[in-house]
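Trainee: fold the following for me, if possible:
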Amino acid sequence: MSLIGIRKQEIATFVSIVLSCFVLLAIVSGCDAPATKSGTDDGNKDVNISEKKGGTITVAISSEPDTLDAHKSTALSTEGVALNLGGALLYRDPQTNEVKPYLAESYSISEDGKTWTFRIRQGVTFHDGTPLTAQAYKRTFERAMSPEIAPKGVGMVLGIIQSIKTPDDQTLILELNEPSATLLTYFTSASWMQPLSVDAVQKFGDQYGRNPVGVGPWKMESWKSGDSITLIQNDAYRWAPPSFQNQGPVRPDKLVLKLIRNPQTAVAALESGTIDIADLPAKDAKKFKNNNRFTVLEQTKRGLGLFVELNLNNEILQDKNVRKALQMAVKKEAIVQSHLQGEGIVADGPLPANLFGFDPSIAHYAYKYNPEEAVKLLEEAGWKLNAQGIREKAGKPLHLELLSMEVWSQPAQLMQGMFKAIGVDVKIITLEGSAVDQLTAAGTFDLALDGYVADDPDILFPFMHSSQIGGMNRSAIHDKTIDSLLEKGQVTMKSDDRAKIYEELQKRSVEEAFWIPIYTEKRFVVVNNRVQGLKLDPSGLKLYQDVWVK
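Mentor: From the prediction side, this is the model:
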């Protein structure tokens, strides 16, 4: 999702739904290997972790959430915080990949795939003390699906629900318009799909996003804009997923999420002990691998770490030859080597190689780096070089603006030079993640850097389906073939048939050059060894349930 995951990379978008490893009903695909460690981890074997309680963990975040209202955001920065405040109907067993009950103690699906029945777990309470019931879930979903809120986030996924019934406090019945091959996976998201205290929503109104109330292991304490978000232990928490060793409240007293946009600042903060945990680029993470004060967790991200969205409402970019030329101007290998220190994989299309539905033959038909052909395409499209070395047509220069965040400054600058080499003048505009999201959502951009993490190819629905224009479909893609394939992908239950649908989708997306895919990357999380037990979920989100402080 981004749902999720739409999620964007460090800012991400819904992609972000935490679609865990994709195994749904008859649909099965491989799961990423768990995060691996390097460095010294010198406490796990000798310490009784049940005796280690208290302390504060400080974690660097590179982008501030726009809101913590899970229904009104598609940013990964929001997901990374909201995950700690909520819970999910289901969870995915990290050993077997099987979807199992969590806040629902059991569930069943009718033979036609349209009636889903959940039995809600008893004894779970929101942070404000109100009980979690089937009715609370009903109110949560109905709010997310309401016309004024649905386009902003998770409501787009829940739109498949025709009706919601709650015959008693523990029974939740969802009637779907059609079978869904992805909905179970979406229901494993403890961030976007978490139940909300609708009483709190009504109490705080427009300020709910600053005062979220969920059922999770952490509660909101404070939010200092531009500085930090502080969460405190929910001492009533007794309902962790079975995959965690610690089934009670989290052990630390506080979790401080400190806004540090610049990786070099995060490196200095780690070294000084100001912060305990930070995601770092490969070149910075390497500095900590042989340092016995730190452990480095590594994980291959599932999704596109970087791609360029092209706004098809821009008259210049409506010309497919121009879009193809921009594709061929980018030397992706150089970006991977320079920006990721080689710790990445060049992306040929909208899906990464480690995601279900990826077409391995894409390397044969994807556009390759070919600046000579790019120049030829621009010439054929009528864009001629002027005296300044910039192409123009009918007196109008080929000038485009590229939205970026600071974390992507280097790739943005590299691409700027690559575009200049074929006569395209690109101005880089670097903004905070939430500001980039706002501008791209409003359609006021030419090119924008983006990224996502997800575990199901249905992540492309919010990014590419025409019904999502004005939502996550920032490129304003309106293609009947793409729409049809995305719709089929959601309801096709057989694995082989579904994979073929997404293979066709990749071919169409590449041919039309809607995006410029750049790379899939590794994730590096540097952890001070005073903090033990940190885990990463398959999408890279940090899990603190088993964490303790030395």
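
Trainee: hey, let's count contacts and neighbours off CA atoms from now on
Mentor: OK.

Trainee: and the helix or strand where residue 375 lies, what does it pack against?
Mentor: Following DSSP states H and E, the helix or strand that holds residue 375 is helix 371-380. Under the contact definition 3 or more CA pairs under 8 Å, 6 or more residues apart in numbering; DSSP states H and E, helix 371-380 sits against helix 320-329.

Trainee: output the contacting helices and strands for the helix it packs on.
Mentor: helix 371-380, helix 409-421.

Trainee: work out the gap between stretch 78-96 and the centre of the chain.
Mentor: The chain centroid and the centroid of stretch 78-96 are separated by 13 Å, computed with CA atoms, centre = their mean, to the nearest Å.

Trainee: and what of stretch 198-211?
Mentor: 24 Å.

Trainee: ok, and what's touching that stretch?
Mentor: 67-70, 128, 136, 139-140, 212-213, 220, 223 (CA atoms under 8 Å, 6 or more residues apart in numbering).

Trainee: pull up the distance across it, start to finish.
Mentor: 12 Å (CA to CA, to the nearest Å).

Trainee: and the longest helix along the chain, what's its mean pLDDT?
Mentor: When the chain is parsed with DSSP state H, its longest helix is helix 495-512. For helix 495-512, mean pLDDT is 95.

Trainee: restricting to C-alpha, output it in CSV.
Mentor: What follows is helix 495-512, C-alpha atoms only, in CSV (Å, rounded to 0.1, in the frame of the first residue of the first chain):
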residue,chain,number,x,y,z
SER,A,495,-1.8,-17.4,-9.1
ASP,A,496,-0.6,-18.2,-12.7
ASP,A,497,-3.5,-16.3,-14.3
ARG,A,498,-2.9,-13.3,-12.0
ALA,A,499,0.8,-13.3,-12.8
LYS,A,500,0.1,-13.1,-16.5
ILE,A,501,-2.1,-10.1,-16.0
TYR,A,502,0.7,-8.2,-14.3
GLU,A,503,3.2,-9.3,-17.0
GLU,A,504,0.9,-7.6,-19.6
LEU,A,505,0.6,-4.6,-17.4
GLN,A,506,4.3,-4.2,-17.3
LYS,A,507,4.6,-4.4,-21.0
ARG,A,508,2.0,-1.7,-21.5
SER,A,509,3.4,0.6,-18.8
VAL,A,510,6.9,0.3,-20.3
GLU,A,511,5.7,0.9,-23.9
GLU,A,512,3.8,4.0,-22.9
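
Trainee: now the element after it, going C-ward?
Mentor: That would be, after helix 495-512 and using DSSP H and E, strand 515-528.

Trainee: from residue 59, how far out is the residue lying farthest from the centre of the chain?
Mentor: For the chain, the largest distance from the centre (CA atoms, centre = their mean) belongs to residue 387, which lies 43.8 Å off. Here the criterion is CA to CA. By it, residue 387 lies 51 Å from residue 59.

Trainee: ok, now residue 266?
Mentor: Taking CA to CA, one finds residue 266 at 10 Å from residue 59.

Trainee: now residue 322
Mentor: 43 Å.

Trainee: the nearest residue to residue 94 once chain neighbours are set aside: how many residues sit nearby?
Mentor: Leaving aside its chain neighbours, residue 94 sits nearest to residue 243 (7.0 Å; criterion: CA to CA, 6 or more residues apart in numbering). When neighbours are counted by other CA atoms under 10 Å, residue 243 registers 12.

Trainee: pretty sure residue 243 is touching residue 93, no?
Mentor: Yes. Between residue 243 and residue 93 there is a contact at 6.5 Å, judged by CA atoms under 8 Å.

Trainee: residues contacting residue 464?
Mentor: With CA under 8 Å, 6+ apart, residue 464 has these contacts: 472-473, 475-478, 482-483.

Trainee: looking at those residues, which two lie furthest apart in space?
Mentor: 472 and 482 (15.1 Å; CA to CA).

Trainee: of the two, which one has the most company?
Mentor: residue 472 (29 against 22).

Trainee: am I right that the more buried one is in a helix?
Mentor: No. Counting by DSSP: H, G, I helix; E, B strand; the rest coil, residue 472 is not found in a helix; it is coil.

Trainee: now it: how far from residue 150?
Mentor: Applying CA to CA to residue 472 and residue 150 gives a distance of 12 Å.

Trainee: tell me the SS of residue 166?
Mentor: Quick answer, by three-state DSSP: residue 166 is strand.

Trainee: ok, it to residue 117 distance?
Mentor: Taking CA to CA, one finds residue 166 at 10 Å from residue 117.

Trainee: quick check: neighbours shared by these two?
Mentor: Common neighbours of residue 166 and residue 117 (CA under 8 Å, 6+ apart) are 172-173.

Trainee: list phi and psi for residue 65.
Mentor: Main-chain torsions, residue 65, degrees, to the nearest 10: phi -60, psi 150.

Trainee: who's in contact with it?
Mentor: Going by CA under 8 Å, 6+ apart, residue 65 touches 75-78, 434.

Trainee: pull out the buried residues from those.
Mentor: By neighbour count, with 16 or more other CA atoms under 10 Å, these hold 75-78, 434 as buried.

Trainee: for residue 278, state which of the residues you listed is nearest.
Mentor: residue 77 (13.5 Å).

Trainee: I'd say residue 432 and residue 406 touch.
Mentor: Yes. Using CA under 8 Å, residue 432 makes contact with residue 406 at a distance of 7.5 Å.

Trainee: pLDDT weak spots in this protein?
Mentor: The chain contains residues with pLDDT under 70 at 1-36, 38-51, 97.

Trainee: do that again at 50, thanks
Mentor: Applying pLDDT under 50 to the chain picks out residues 1-33, 40-47, 49.

Trainee: quick check, residue 122 in contact with residue 171.
Mentor: No. At 10.9 Å, residue 122 does not count as touching residue 171 under the criterion of CA under 8 Å.

Trainee: quick one: the strands in the stretch 201-350 of the chain?
Mentor: Ranges of strands in the stretch 201-350 of the chain, per DSSP state E, counting those that start in this stretch, are 218-224, 228-233, 254-259, 277-279, 294-300, 306-310, 344-346.

Trainee: got the contact list for the closest residue to residue 431 other than its chain neighbours?
Mentor: Nearest residue to residue 431, sequence neighbours excluded (CA to CA, 6+ apart): residue 405, at 5.2 Å. Residue 405 sits next to 430-433, 436, 449 when contact means CA under 8 Å, 6+ apart.

Trainee: let's see it at 10 Å
Mentor: 10-11, 62-63, 261, 412, 428-436, 448-450 (CA atoms under 10 Å, 6 or more residues apart in numbering).

Trainee: ramachandran coordinates for it?
Mentor: Dihedral angles (degrees, to the nearest 10) for residue 405: phi -110, psi 170.

Trainee: quick one: it and residue 366, what's the gap?
Mentor: Taking CA to CA as the measure, residue 405 and residue 366 are separated by 27 Å.

Trainee: picking up where we left off before, mind putting the contacts of residue 65 in TSV, distance to residue 494 included?
Mentor: Formatted as TSV, those follow (distance: CA to CA, whole Å):
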residue	distance to residue 494
75	31
76	30
77	34
78	33
434	38
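
Trainee: which ones among those lie within helices?
Mentor: 76-78, 434.

Trainee: next, count neighbours for residue 454.
Mentor: Residue 454: 35 neighbours (other CA under 10 Å).

Trainee: is it in contact with residue 304, as I believe?
Mentor: Yes. Using CA atoms under 10 Å, residue 454 is in contact with residue 304, at 8.9 Å.

Trainee: list the helices and strands the helix or strand that comes right after the helix holding residue 375 packs on?
Mentor: Using DSSP H and E, the helix or strand that follows helix 371-380 towards the C-terminus is strand 384-385. For strand 384-385, the packing partners by 3 or more CA pairs under 10 Å, 6 or more residues apart in numbering; DSSP states H and E come out as helix 371-380, strand 391-393.
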